[in-house]
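Student: sequence first, then the predicted structure, then my questions.
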Amino acid sequence: MSAPRESSPAPADWVRGPVADLFSSYVATAALSAAHQLGILDRLAEDGQAPFGNGGDESVSDTVVRAVHRTLHWARVVEVKDNEVVIPGALFAEAYAARGYFYWLVKGCGELFSIAPDVALTERRTGDFYHRDMRAVAVGSRLIGDEEVEPLFDRILADPPVGKVADLGCGSGQRLIRILGNHPGATGVGVDISAAAVQLAGESVESAGLTDRITLLQGDVLDLEPRPEFADVDTVTCVFMGHDFWPYDSCVRTLRRLRTAFPASRRLFICDVVRTSELPGPDTTVFTLGFEAVHALMGDYLPTLDQWQEAFRESGWECRTVLPTTVPPHGYLFELTPAAD
C-alpha cells in the first residue's frame, strides 16, 4: 500500500488576485441586486447610513442582510463601520446609478446563466426552454431608462403634442404615466406579452389615478391586429424590446403590421440597444456583455444599427431621426413616420 501523498498548497497566483476577484464579483453582483430589492440602496441614498444587520426588522433575515453588506463592503459599494453601521462606500454613487442593470441581470435573467450548459444543447432549445422573471425585467428596464432615455422621450414628444399613445412592451407602465402627466389631455394604451408586467403596470396606473385614461392589454406585439383601442392612436412607442421583432423577415413583417394595427399613427418611436461587432476589452461598457449573452442564451437575434435602417426602409417606415444614447451604451432612439405608399 503506497503512502498517502502530501497535499500541495494552493497556488497563490489564483487564490487571490484577478481570478479570485472574478468569483467574488459574481457574488457582489447578486448582492447588489438583492440590496436594491430589499430597499437597502434606497435607504443609504436617502439617509446616508443603515444598520449592519436587519436593524430589528424581523421580516428579513439578519444573517442574510449582514452577508449582503459584507459582500458590498468587499466591492467598495458600502463601508461597514465597527460591525454596527453601514455607510455609502467609494463606489456607491456609481453602483446606485447602475442598480437597474444589476437587477435586470440577476433577478430578471440570472437563471439563464445557471442553465447555460443545458440550453447550449440544440435539442433543448425548443419551446419554453428558459425562464425569466419578467416583473424584475420590467423594473430593471425602467431604472435603466430613467436616466437618459425617458428625458429624451419627454423632449421629442413635446411637439407635436400627443393625443393618444400606445406603448408596446409597456412593462411597469411608468412611461405611459409620465407621458400622460406631460400631456394632460392625452390617453394611452399599453401592451405587454407578460401577465406579470401587465399586473405591475395595472398597479402603477391605479396608484397614479389614471385608470380612466390608460387601458392595459396583454398581447403579443409581434402579432397585433387592428382593434378599437388602437384606431385613434397617433403616437406609438417601443422601448427595449425592438430586438424581439427580429430576425430580419420577422422584423419587416412586424413593422408592416404596426402600420395596419395603428392606422392613424403619425409617429413610431423605437429605442433599443444594438449588437456590437468588436471583441470585448478593458473599455467594454456596462450592460454590453450581459445584454448580448442573455439574448444569445435565449436564442434571440440582436441586429446592428445598419440592419435596423434596412428593415425600416423595406417595411414602409421613414427614419426621420436617430439619437444615440450613452445610458444604456449602444442604444439608439429612432423616430419613424409612415412612408408614402
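Tutor: Structure received. Computed from a predicted structure; not experimentally measured. Residues are numbered from 1 along each chain as shown.

Student: quick one: low-confidence ranges for the stretch 1-150 of the chain?
Tutor: 1-11 (pLDDT under 70).

Student: quick one, what contacts residue 264?
Tutor: 231-234 (CB atoms under 8 Å, 6 or more residues apart in numbering). Just so you know, the C-beta spots here come from the backbone N, C-alpha and C atoms, and that holds for glycine as well.

Student: just say helix, strand or coil for residue 269.
Tutor: strand (DSSP: H, G, I helix; E, B strand; the rest coil).

Student: closest one to residue 16 out of the contacts of residue 264, please.
Tutor: Residue 16 lies nearest to residue 233 out of these, by CB to CB, at 58.3 Å.

Student: burial of the closest one, as a residue count?
Tutor: For residue 233, the neighbour count with other CB atoms under 10 Å is 21.

Student: pLDDT, distance to residue 73 and secondary structure added to the contacts of residue 264, as TSV?
Tutor: TSV is the format used below for the contacts of residue 264 (pLDDT from 0 to 100; distance: CB to CB, whole Å; DSSP: H, G, I helix; E, B strand; the rest coil):
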residue	pLDDT	distance to residue 73	secondary structure
231	98	56	coil
232	97	55	coil
233	98	50	coil
234	97	52	coil
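
Student: tell me which stretches of the stretch 151-300 of the chain form helices.
Tutor: 174-182, 195-207, 248-261, 288-298 (DSSP state H, counting those that start in this stretch).

Student: can you point out the buried residues in the third one?
Tutor: Think helix 248-261. By 16 or more other CB atoms under 10 Å, the buried positions in helix 248-261 come out as 251-252, 254-255, 257-259, 261.

Student: likewise for the shortest one?
Tutor: By neighbour count on 16+ other CB under 10 Å, the buried set for helix 174-182 is 174-180.

Student: packing partners for that helix?
Tutor: Here helix 174-182 is seen to pack against helix 134-146, helix 149-156, strand 164-168, strand 187-192, helix 195-207, strand 214-218, strand 235-239 when contacts are counted using 3 or more CB pairs under 8 Å, 6 or more residues apart in numbering; DSSP states H and E.

Student: now render those as a markdown table, adding distance to residue 311 and mean neighbour count.
Tutor: Output for the helices and strands packed on helix 174-182, formatted as a markdown table (distance: least, CB to CB, whole Å; neighbours: other CB atoms under 10 Å):
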| stretch | distance to residue 311 | mean neighbour count |
| --- | --- | --- |
| helix 134-146 | 22 | 22 |
| helix 149-156 | 21 | 15 |
| strand 164-168 | 16 | 26 |
| strand 187-192 | 20 | 25 |
| helix 195-207 | 25 | 18 |
| strand 214-218 | 25 | 19 |
| strand 235-239 | 13 | 24 |
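
Student: residue 289 is nearest to which of those?
Tutor: Ranking these by distance to residue 289, with CB to CB as the measure, places helix 134-146 first at 15.0 Å.

Student: residues in contact with that closest one?
Tutor: Contacts of helix 134-146 (CB under 8 Å, 6+ apart): 99-105, 107-109, 171-172, 174-175, 192, 194, 196-197, 199-201, 239-240, 271, 287, 327-328.
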